[in-house]
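Novice: next input, structure requested:
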Amino acid sequence: MNERAPLLPPWMKGLSARLLLLTIAFVMLAEVLIYAPSIARFRQAYLEERIAAGHLAILALQATPNYMVSEELERELLDSAKVYLIALRRPDGVKLRLGMAPAPAIALHIDLRQQELLPLIGDAFATLNQGSNRVLRVVGVSPRHPQAIVEVVMDEAPMRTAMLDYSQRILALSIVISLTTAAMVFLSLQWLIVRPIRRMIASMTAFRDDPADASRLMLPSGSADEIGAAQRELARMQQALRAALHQKTRLAALGTAVTKINHDLRNMLATARLVSDRLTASDDPQVRGSAPRLVAALDRAVALCTDVLHFAGEGPPATQRRPFELRALVEEVGDALPARAERETEWIVEVPAGLSLEADREQIFRLLANLGQNAFQAGATRVAVTARRDVGVVIEVADNGPGLPPRARDRLFQPFSGSARPGGTGLGLAIAQELAAAHGGAIALVRSEAGGTVFRLTLPS
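Specialist: Predicted coordinates:
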């Protein structure tokens, strides 16, 4: 039977807990880096104290006429200095010695006059790792007289015990410092980072559940730091997304409504077209003169209904890709444009023969037809289509129209807002962009000025 792992409290699973553990680890690492030279300095200070104690003990010899003391006093002086033997060499050449009995065999010589940091650290850890007692011979300058050299012979075990006690105190202090620092960092992170992030997460969750509810938008705290900036950007993104969803909802409702009324509306327009055809046979010259305008208006109404239906009712266009010759397609587009029947225009095809494209032929036809129709409706009399093979297939549609106004350029590919002519819907370019994206390509405005406009369509080959 599998045992279920114990459930951790929520705060242990979050960012704060990880930072808490990292803070403890980093503080302990810093304490270790501080401890290494500290324990080396403690060992050196201990040995220097033994040198100072030895010098103080041997001063008792200078108070006697023959530099001799009793064995009992000698033993007491050596015990107070915690050494076996003390030797002093004064600047005047006088040498004093305390401890005549043979000392134990010396295992290690230490010269305090020649010590560097790294060797001191190595010697300190060697002492801590030493399991048995060693007898040390220590030579150093007396702190009481800079020119006096003192030599002592001592046990290493008492020094090791003192170093272990010091290490325990350092460890306890390090634990207290690391826990205190970690707790302060934890509380600071909870207040400054985790709490605002949780507010942002709660806002995103609430917004996901009901984007239409304005009360679920993020309310920035007004902080000037990065968290405040993230909250403000989240609020802007939610507002923009809410507006886009609102527009999409209205477009979907419009598509549904147009789908329902499209059949009846087209029947009505067909009936009106029949009536308009009869008006062309009227004996009244004014009626006959008005009939073409009525027919054109009805044709525009039918085209508008068709475009709105296609844009609002269709999902993402599905492509059926087959290879075809591009030049023949461009020529067919020019022959099928309705705007060319209304006045004298030029449709110039500058596509190399044999240039093929693997794409959905009907959709590319519709895309180019939208570009050409928009150009002629905007006032152009000449449209040139060129194509070349580069990384993919690059098609450029250039006209000699009056150019696009600045307002139309800012919202060029937005439906119902990117039209450059009065009464236009702006669906032509929006549909063209959608068709290009369905093929993995892109359409862009190259330039638009008084001498004409150029659009570039890039499609993968």
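Novice: when you work out contacts or count neighbours from here on, use the C-alpha atoms and nothing else.
Specialist: Fine.
Novice: what residue spans form the domains of the protein?
Specialist: Split into domains by automatic domain parsing, the chain comes to 10-181, 211-315, 320-459.
Novice: now, of these, which is deepest in the fold?
Specialist: Ranked by mean neighbour count under mean count of other CA atoms under 10 Å, those are led by domain 320-459, which reaches a mean of 18.
Novice: got the end-to-end distance for that one?
Specialist: Domain 320-459 has an end-to-end distance of 15 Å (CA to CA, to the nearest Å).
Novice: gap between that domain and the chain center?
Specialist: 39 Å (CA atoms, centre = their mean, to the nearest Å).
Novice: which residues sit in contact with the closest residue to Ala36 other than its chain neighbours?
Specialist: Excluding the flanking residues, the one nearest Ala36 by CA to CA, 6 or more residues apart in numbering is Ile121, at 6.2 Å. Ile121 is in contact with Ala36, Pro37, Ile39, Ala40, counting by CA atoms under 8 Å, 6 or more residues apart in numbering.
Novice: helix or strand: which one has the last one?
Specialist: With the criterion set as DSSP states H and E, the secondary-structure element containing Ala40 is helix 15-62.
Novice: for the record, mean pLDDT for the following helix or strand past that helix?
Specialist: Following helix 15-62 in sequence order, the next helix or strand is helix 71-81 (DSSP H and E). Averaged over helix 71-81, pLDDT sits at 85.
Novice: ok, and for stretch 184-204, which residues are buried?
Specialist: Residues Val185, Phe186, Leu189, Gln190, Val194, Pro196, Met200, Ser203, Met204 are the ones in stretch 184-204 that count as buried (16 or more other CA atoms under 10 Å).
Novice: take those and write them to TSV, including secondary structure, distance to Met237 and pLDDT.
Specialist: Listed next are the buried residues of stretch 184-204 as TSV, based on DSSP: H, G, I helix; E, B strand; the rest coil; distance: CA to CA, whole Å; pLDDT from 0 to 100:
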residue	secondary structure	distance to Met237	pLDDT
Val185	helix	31	80
Phe186	helix	30	79
Leu189	helix	26	77
Gln190	helix	25	78
Val194	helix	21	77
Pro196	helix	17	82
Met200	helix	12	84
Ser203	helix	12	85
Met204	helix	11	84
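Novice: shouldn't Leu396 be in contact with Val385?
Specialist: To be clear, residue 396 is Glu; Leu isn't right here. Yes: between Glu396 and Val385 there is a contact at 5.7 Å, judged by CA atoms under 8 Å.
Novice: quick revisit: quick one, whichever strand or helix holds the residue nearest to Ala36 and helix 15-62 angle?
Specialist: Here Ile121 sits within helix 117-128, counting by DSSP H and E. Interaxial angle, helix 117-128 versus helix 15-62 (axes from the mean of the first three to the mean of the last three CA atoms, to 10 degrees): 90 degrees.
Novice: tell me the helix or strand right after helix 117-128.
Specialist: strand 135-141.
Novice: which other helices and strands contact the helix or strand just after that following strand?
Specialist: Going down the chain from strand 135-141, the next helix or strand is strand 149-155, by DSSP H and E. Applying 3 or more CA pairs under 8 Å, 6 or more residues apart in numbering; DSSP states H and E, one finds that strand 149-155 contacts helix 15-62, strand 85-89, strand 135-141.
Novice: what packs against the very next helix or strand once past the shortest one?
Specialist: Under the assignment DSSP H and E, the closest C-terminal helix or strand after strand 85-89 is strand 95-98. Strand 95-98 is packed against helix 15-62, strand 85-89, with contacts defined by 3+ CA pairs under 8 Å, 6+ apart.
Novice: the same query, at a cut-off of 10 Å, please.
Specialist: Applying 3 or more CA pairs under 10 Å, 6 or more residues apart in numbering; DSSP states H and E, one finds that strand 95-98 contacts helix 15-62, helix 71-81, strand 85-89, strand 149-155.
Novice: nearest to Ile177, out of the ones you listed?
Specialist: Proximity to Ile177, assessed across these by CA to CA, is greatest for helix 15-62 (7.8 Å).
Novice: quick one: mean pLDDT over that closest one.
Specialist: 84.
Novice: circling back to that earlier point, how near is the residue nearest to Ala36 to Gly334?
Specialist: From Ile121 to Gly334 the distance is 89 Å (CA to CA).
Novice: just to revisit the earlier point, is it possible to get CSV of the helices and strands packed on strand 95-98 that adds distance to Leu357?
Specialist: Converted to CSV, these look like this (distance: least, CA to CA, whole Å):
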stretch, distance to Leu357
helix 15-62, 53
helix 71-81, 101
strand 85-89, 102
strand 149-155, 94
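Novice: between the ones you listed, which gets nearest to Arg208?
Specialist: helix 15-62 (23.2 Å).
Novice: is the residue nearest the centre of the chain in a helix, a strand, or coil?
Specialist: What sits nearest the mean C-alpha location of the chain, by CA atoms, centre = their mean, is Ala230, with 12.0 Å. Secondary structure, DSSP: H, G, I helix; E, B strand; the rest coil: Ala230 is helix.
Novice: list the residues that contact it.
Specialist: Ala230 sits next to Pro196, Ile197, Met200, Pro220, Ser223, Arg236 when contact means CA atoms under 10 Å, 6 or more residues apart in numbering.
Novice: TSV for those, including distance to Asp155?
Specialist: Formatted as TSV, those follow (distance: CA to CA, whole Å):
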residue	distance to Asp155
Pro196	61
Ile197	61
Met200	66
Pro220	69
Ser223	64
Arg236	75
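Novice: how far away is Ala328 from Arg43?
Specialist: Relative to Arg43, and taking CA to CA, Ala328 is found at 95 Å.
Novice: cool, Val446 as well?
Specialist: 79 Å.
Novice: same check, this time on Gln147
Specialist: 23 Å.
Novice: ok, now Thr161?
Specialist: Taking CA to CA, one finds Thr161 at 11 Å from Arg43.
Novice: overlap in contacts, these two.
Specialist: Common contact partners of Thr161 and Arg43 (CA under 10 Å, 6+ apart): Thr127.
Novice: so where's the stretch 51-200 of the chain uncertain?
Specialist: 65-67, 100-101, 103 (pLDDT under 70).
Novice: would you map the helices across the stretch 251-400 of the chain?
Specialist: Under the criterion DSSP state H, counting those that start in this stretch, the stretch 251-400 of the chain contains helices at 285-313, 326-336, 361-377.
Novice: least reliable of those by average pLDDT, please.
Specialist: helix 285-313 (a mean of 62).
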